[in-house]
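K.L.:
structure for the following, please:
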Amino acid sequence: TKQHPRLQGTDFGVIREKIETDPFCAALYQGVKNRADVLLTQPAFSYKVADLEKNGHSRVIPSASIVPIFYTLALVTEIENDNRYLEKLWQEAEAAINLPNWNTGHWLDTAQMIQSVSIAYDWCYHRWTDEQREALENAIKTHGLEQSVREYEGSPRWYQWHTSFTGEIMENNWNMVCNNGVIFGAIALGDVEPELCGTLLNNAVRSISDGLLEWAPDGGYPEGTAYWRFALTNLIAGTSAIEAAFGGFDGLPELEEPHHYDFLQSPGVGDAGDYAMYLRGAIGNVNYGDTTVGHSNSSAMVYLASRLNKPEYLVHFMDILKDPATSKPMERSDDLVQALLYYKPMDLATEDVSLDKNFELGVSTMRNTWSRNDDLVFVSMKAGYNRGPHQHWDMGAFAIDALGERWIKLPGAGNYDWPSYMSGAMYYIRRPEGNNTIVINPDDTMGQTKESEKTPLINKGSSTDEGYFVYDLSPVYVEYAESVKRGIKIFDDRS
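P.N.:
Have a look, this model is predicted:
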């Protein structure tokens, strides 16, 4: 691997030039710096140490708070060359270093702590004292990488998120997020612990490679738009870290064949931005399953736009940032930082983007325009499967937007702390009744057949004047009816 900094292509001279010469990059950086200045006025993040000492299965370390802190302070330290930000970064890092563990009972926490502390260690490597550098190295190794060995060797503490040595392919957001954390730690300490890091890097890349089937064949993501963001942001972060450190996947050591290790070559990954783009209507994304209505965005859109020449993805990212109704993405300053790393200027013409999309996983959308104004008419329906993480019994659910409003909507996510919610308890918001879909002879069962065969798309059409699609929902109603079909059509110039 190259010398520090080496995570995610951090040539701070190039980044500084982007900020000075490109208005979009200047705006991104201003958002990051504003957040850094707020952090200077706040105490270090307060962790629930008592909960960490239990090392149970609950999420204790909120990544939405921790990851942005480290990315933000590390970048602003380098761009501003100001020790105030470095001292604040050390205050945050020291708080993390001194924890009894990084919550290995819930590995999403562990992975994001590895990533966060690795960013601080690597990006500001030459600014740390020998003692600080050693403390960071020991924390990444002890709290993160050494704990990863047990996971890959087949002794998960709770939820198995990897595929190595088990034969079971894990296709979910945990695979992307947890393995990404290992990738960051292994690259950061590659010259300090070469044997350990080489083995872990190999395991992480193999595991993610297997799990990429979740995106196949066209970028549709079965866990909904919220987990789309979580999974894709981390997948692309790991990809960019490998590319920066090794010059690409071909430079990785000790990888075994056959595997499609270049993540972007896996079917659907290069088109993953389509899912958030097409599911965004007048008021935000369609919130199928455990998702809330919002404007799903990710710095991964900037990476895919730049790497694969997809200007529509960059337009999506920019449009959400400037939308006055969508302030939430600006709070994720780690997204702004990574967008700065990935961004390349390009022609933003998007005339060739289709108005309709039928994802193979069983989600379809139609619209009359890509302009987000009161003229937008937007329709979406979900079919496919009702099994897997964060799914509801909602085959046939749909949403309709017009005149700047959502007229048919979905309940979205419940509270994960509700009794038995994650294990399939039949709350109203998870049942067909709560999701605008067909109910036949309702009783105390699920109302749809779980683990059914796929509910296929059986008819579709698209022209400048109209569009329609029809799904055969019979597989989820086998206990109730011989044939169930549902479709939607927009017509009269799609008005």
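K.L.:
residues touching the closest residue to Gly412 other than its chain neighbours, list them.
P.N.:
With C-beta to C-beta, 6 or more residues apart in numbering as the criterion, Gly412 has its nearest non-adjacent residue at 3.8 Å, and that residue is Asn287. Just so you know, the C-beta spots here come from the backbone N, C-alpha and C atoms, and that holds for glycine as well. Residues in contact with Asn287, defined by C-beta atoms under 8 Å, 6 or more residues apart in numbering, are 224-225, 293-294, 409-413.
K.L.:
and Asn287, how far from Asp394?
P.N.:
Applying C-beta to C-beta, to the nearest Å, the value for Asn287 to Asp394 is 11 Å.
K.L.:
which neighbours do those two have in common?
P.N.:
Common contact partners of Asn287 and Asp394 (C-beta under 8 Å, 6+ apart): Leu410.
K.L.:
which helix in the chain runs the most residues?
P.N.:
Scanning the chain for the helix with the most residues, using DSSP state H, yields helix 225-246.
K.L.:
so which elements touch that helix?
P.N.:
In terms of contact count using 3 or more C-beta pairs under 8 Å, 6 or more residues apart in numbering; DSSP states H and E, helix 225-246 is assigned the packing partners helix 173-188, helix 194-211, helix 273-278, helix 300-308, helix 333-342.
K.L.:
using pLDDT, spot the least trustworthy of the contacts of Asn287.
P.N.:
In terms of pLDDT, Gly294 ranks lowest among the contacts of Asn287, with 82.
K.L.:
what's the closest non-adjacent residue to that one?
P.N.:
Across the structure, with C-beta to C-beta, 6+ apart as the measure, the residue nearest Gly294 apart from its sequence neighbours is Gly284 (5.2 Å).
K.L.:
now do Tyr416
P.N.:
Going by C-beta to C-beta, 6+ apart, Tyr416 has Met422 as its nearest residue, at 5.9 Å.
K.L.:
for that neighbour, give me the pLDDT.
P.N.:
The pLDDT attached to Met422 in the predicted structure is 76.
K.L.:
then Val149?
P.N.:
We have a pLDDT of 90 for Val149.
K.L.:
before we move on, back to that, what is the burial count for the residue nearest to Tyr416?
P.N.:
A total of 12 residues lie near Met422 under the criterion other C-beta atoms under 10 Å.
K.L.:
shouldn't it be within a helix?
P.N.:
No - using DSSP: H, G, I helix; E, B strand; the rest coil, the secondary structure at Met422 is coil, not a helix.
K.L.:
quick one: low-confidence parts of the chain?
P.N.:
Under the criterion of pLDDT under 70, the regions of the chain flagged as low confidence span 1, 53-57, 155-160, 162-170, 254-260, 323-331, 425.
K.L.:
run the last query once more with 50
P.N.:
Applying pLDDT under 50 to the chain picks out residues 164-165, 258, 327-330.
K.L.:
got the contact list for the residue nearest to the spatial centre of it?
P.N.:
For the chain, the residue sitting closest to the mean C-alpha position, by C-alpha atoms, centre = their mean, is Phe230 at 2.1 Å. Taking C-beta under 8 Å, 6+ apart, we find Phe230 in contact with 173, 176-177.
K.L.:
ok so, going back, correct me, but the residue nearest to Tyr416 touches Gly414?
P.N.:
No - with contact defined as C-beta atoms under 8 Å, Met422 does not reach Gly414; the gap is 9.5 Å.
K.L.:
could you check how far Asp37 is from Gln91?
P.N.:
Counting by C-beta to C-beta, the gap between Asp37 and Gln91 amounts to 15 Å.
K.L.:
more neighbours: which of the two?
P.N.:
When Asp37 and Gln91 are compared for neighbours, Gln91 comes out ahead with 16 against 13, by other C-beta under 10 Å.
K.L.:
which non-adjacent residue is nearest the more buried one?
P.N.:
Closest residue to Gln91 in three dimensions, ignoring its sequence neighbours and counting by C-beta to C-beta, 6+ apart: Ala44, at 4.7 Å.
K.L.:
burial count for that neighbour?
P.N.:
Close neighbours of Ala44, defined as other C-beta under 10 Å, add up to 15.
K.L.:
would you say it is within a helix?
P.N.:
No - Ala44: not assigned to a helix; according to three-state DSSP it is coil.
K.L.:
dump the residue contacts of it.
P.N.:
91-92, 94-95.
K.L.:
out of those residues, who's the most crowded?
P.N.:
If you rank those by neighbour count (other C-beta under 10 Å), Glu92 sits at the top with 23 neighbours.
K.L.:
list the buried residues in the host helix or strand of that residue.
P.N.:
Element membership of Glu92 [criterion: DSSP states H and E] is helix 83-97. Of the residues in helix 83-97, 85-86, 88-93, 96-97 count as buried by neighbour count, 16 or more other C-beta atoms under 10 Å.
K.L.:
kindly report the same for stretch 97-105.
P.N.:
Buried positions in stretch 97-105, judged by neighbour count with 16+ other C-beta under 10 Å: 97, 99, 101-105.
K.L.:
and which of those residues is nearest Gln8?
P.N.:
Relative to Gln8, the closest of the buried residues of stretch 97-105 is Trp102; by C-beta to C-beta it sits at 20.9 Å.
K.L.:
may I have the phi/psi pair for that closest one?
P.N.:
When quoted as degrees, to the nearest 10, the phi and psi of Trp102 stand at phi -110, psi 40.
K.L.:
now do the contacts for it.
P.N.:
Counting by C-beta under 8 Å, 6+ apart, Trp102 has contacts 52, 61, 96, 109-110, 113-114, 143-144, 147.
K.L.:
list just the nearest of those to Ala272.
P.N.:
Nearest to Ala272 out of these is Ile114 (C-beta to C-beta; 23.5 Å).
K.L.:
what about that closest one, how many residues nearby?
P.N.:
Counted by other C-beta under 10 Å, the residues lying close to Ile114 total 29.
K.L.:
list the residues that contact it.
P.N.:
The contact partners of Ile114, taken as C-beta under 8 Å, 6+ apart, are 102, 140, 143-145, 181-182, 184-185.
K.L.:
distance check, it against Tyr313.
P.N.:
Between Ile114 and Tyr313 the distance, using C-beta to C-beta, works out to 28 Å.
K.L.:
let me have the buried residues of stretch 97-105 in JSON lines, extended by secondary structure and distance to Met277.
P.N.:
Rendered in JSON lines, the data for the buried residues of stretch 97-105 read as follows (DSSP: H, G, I helix; E, B strand; the rest coil; distance: C-beta to C-beta, whole Å):
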{"residue": "Ile97", "secondary structure": "helix", "distance to Met277": "40"}
{"residue": "Leu99", "secondary structure": "coil", "distance to Met277": "39"}
{"residue": "Asn101", "secondary structure": "coil", "distance to Met277": "39"}
{"residue": "Trp102", "secondary structure": "coil", "distance to Met277": "34"}
{"residue": "Asn103", "secondary structure": "coil", "distance to Met277": "34"}
{"residue": "Thr104", "secondary structure": "coil", "distance to Met277": "36"}
{"residue": "Gly105", "secondary structure": "coil", "distance to Met277": "36"}
